[in-house]
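Asker: structure for the following, please:
(one chain, ligands or ions: 1)
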Amino acid sequence: MVKHAPPDQAHRKEHVCWGGGGCTHSHAHRLEVNNLRVSYQEVLALDGITFGTECGRSIALIGPNGAGKSTLLKALAGLLRADSGSILWRGKPLTRSSYEIAYLPQRGDVDWNFPITVRGLVEMGRYPNLGWWRKYSRHDAEIVQRALTTMNLLDLQDRQISALSGGQQQRTFIARALAQEAHVLLLDEPFTGLDRPAQQNLARLFRELTAEGRLLIASHHDLQTVEGNFDDVLLIKRTQVVFGEVATAFTPERIAEAYDH
Ligand SMILES: Nc1ncnc2c1ncn2[C@@H]1O[C@H](COP(=O)(O)OP(=O)(O)OP(=O)(O)O)[C@@H](O)[C@H]1O
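Answerer: Numbering: from 1, shown residues only. This is a model prediction of the structure:
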């Protein structure tokens with residue numbers, strides 16, 4: 001007899017995990033956030049954020065200006081310390097940045113005039129893996145080459161990052177994350193400033209990255225394109241409005257709750 005998945009599971013993607021091995025038991029490659037609270041001195045930026053997810057998923061992080069999206073991404077990247085609550089990655093508290101988690105800043109936060117080539121930036125992805133005692137090896141060079149190839153950047157590898165289009169700049173930063181061999185990609189407004197074809201290319205790339213088992217969390221402003229581009233949604237307004245699959249959680253009522261004053 002053919003066994004069918006229960007109805008609520010039927011549309012879920014098969015659980016695959018990037019990087020092979022070690023994803024067969026429950027908290028391998030899982031991210032768990034519990035009652036997270038983050039503030040900047042007297043400004044409370046986030047409170048009561050609680051969700052859990054796993055490799056192979058993509059999450060749209062949605063909320064109005066000032067909702068705390070960038071703050072959450074930075075906290076998940078280990079760049080900001082939580083006041084209270086916890087972030088567990090693969091069952092262990094995330095207390096500082098990990099090479100398994102790559103953070104891609106907002107484009108406006110990057111100094112695009114910094115004198116570095118596409119290849120140079122992608123090579124930087126290897127540094128967290130090297131440690132202070134190990135030299136850049138042929139193995140590192142192969143991983144960089146693969147990242148450049150995957151992101152279709154070989155023809156542009158010697159170009160300065162200042163001389164790239166917006167879509168090419170995004171691809172370069174994602175290639176750096178691939179060179180880092182990151183399991184989790186945290187992206188701050190990756191679609192902003194891209195034209196429609198570049199957005200569609202990036203959305204396709206995201207689907208490929210999650211299909212090969214990476215976890216992707218991206219802050220996003222275009223409410224029209226959440227469905228189709230992401231599996232899950234985390235809607236916040238300093239506190240958490242809802243977390244769940246886009247089809248069931250991203251309802252007009254929840255959106256109004258987050259965006260209406
Ligand atoms: N360095 C900082 N010092 C003090 N307050 C800050 C700092 N960075 C952010 N904030 C405040 O924290 C809150 C959350 O900001 P955050 O940038 O995380 O929101 P956001 O959802 O990413 O906003 P946007 O959609 O406008 O980019 C806001 O009230 C903001 O003013």
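Asker: show me which residues of the helix or strand where Glu208 lies are buried.
Answerer: Using DSSP states H and E, Glu208 sits within helix 196-211. Across helix 196-211, burial judged by 16 or more other C-beta atoms under 10 Å covers Ala198, Gln199, Leu202, Ala203, Leu205, Phe206, Arg207, Leu209, Thr210. In short, each C-beta sits where N, CA and C put it, glycine included.
Asker: out of those residues, the closest to Glu32 would be?
Answerer: Thr210 (18.5 Å; C-beta to C-beta).
Asker: quick one: low-confidence ranges for the stretch 101-250 of the chain?
Answerer: The model of the stretch 101-250 of the chain has pLDDT under 70 over residues 130-132.
Asker: try 50
Answerer: For the stretch 101-250 of the chain, applying pLDDT under 50 flags no range at all.
Asker: how about the strands of it, start to end?
Answerer: Counting by DSSP state E, counting those that start in this stretch, the stretch 101-250 of the chain has strands at residues 101-104, 184-187, 215-219, 232-237, 239-245.
Asker: the fourth one versus strand 239-245: what angle between them?
Answerer: Per axes from the mean of the first three to the mean of the last three C-alpha atoms, to 10 degrees, the angle that strand 232-237 makes with strand 239-245 is 170 degrees.
Asker: export strand 232-237 to CSV, keeping only CA atoms.
Answerer: What follows is strand 232-237, C-alpha atoms only, in CSV (Å, rounded to 0.1, in the frame of the first residue of the first chain):
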residue,chain,number,x,y,z
ASP,A,232,7.6,30.7,5.5
VAL,A,233,6.9,34.1,6.8
LEU,A,234,8.0,35.8,10.0
LEU,A,235,5.9,38.9,10.5
ILE,A,236,7.2,41.3,13.2
LYS,A,237,6.5,44.7,14.6
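Asker: would you mind listing the outside residues contacting it?
Answerer: Strand 232-237 has contacts (C-beta atoms under 8 Å, 6 or more residues apart in numbering) with 46, 49, 51, 53, 57-64, 67-69, 72, 217, 226, 240-246, 249-250, 254-255, 257-259.
Asker: just the buried subset of the residues you listed, please.
Answerer: Buried members of these, counted by 16+ other C-beta under 10 Å: 46, 49, 51, 53, 57-63, 67-69, 72, 217, 226, 240-243, 246, 250, 254-255, 258.
Asker: looking at the strands of the stretch 101-250 of the chain, which is nearest to the ligand?
Answerer: The ligand lies closest, by C-beta to the nearest ligand atom, to one member of those: strand 215-219, at 6.2 Å.
Asker: Thr150 - nearest residue in space that isn't next to it in sequence?
Answerer: Leaving aside its sequence neighbours, Thr150 sits nearest to Leu178 (C-beta to C-beta, 6 or more residues apart in numbering; 6.1 Å).
Asker: tell me the residues of the stretch 101-250 of the chain that contact the ligand?
Answerer: Contacts of the stretch 101-250 of the chain with the ligand, taken as C-beta under 6 Å from any ligand atom, are absent.
Asker: what sits up against stretch 150-166?
Answerer: Looking at what lies outside stretch 150-166 - C-beta under 8 Å, 6+ apart - the contacts are 107, 112-119, 121-122, 148, 168-169, 171-172, 174-175, 178, 193-194, 198, 205.
Asker: stretch 103-110 now?
Answerer: Against stretch 103-110 from outside (C-beta under 8 Å, 6+ apart): 70, 73-74, 76-77, 79, 97, 166, 169-170, 173-174, 177, 185-190, 192-193.
Asker: just to revisit the earlier point, tell me how far the helix holding Glu208 lies from the chain's centre.
Answerer: 13 Å (C-alpha atoms, centre = their mean, to the nearest Å).
Asker: kindly report the same for stretch 222-235.
Answerer: Its chain's C-alpha centre and that of stretch 222-235 lie 14 Å apart, by C-alpha atoms, centre = their mean.
Asker: in that stretch, what counts as buried?
Answerer: Buried-residue list, stretch 222-235, by 16+ other C-beta under 10 Å: Val226, Asn229, Phe230, Asp231, Asp232, Val233, Leu234, Leu235.
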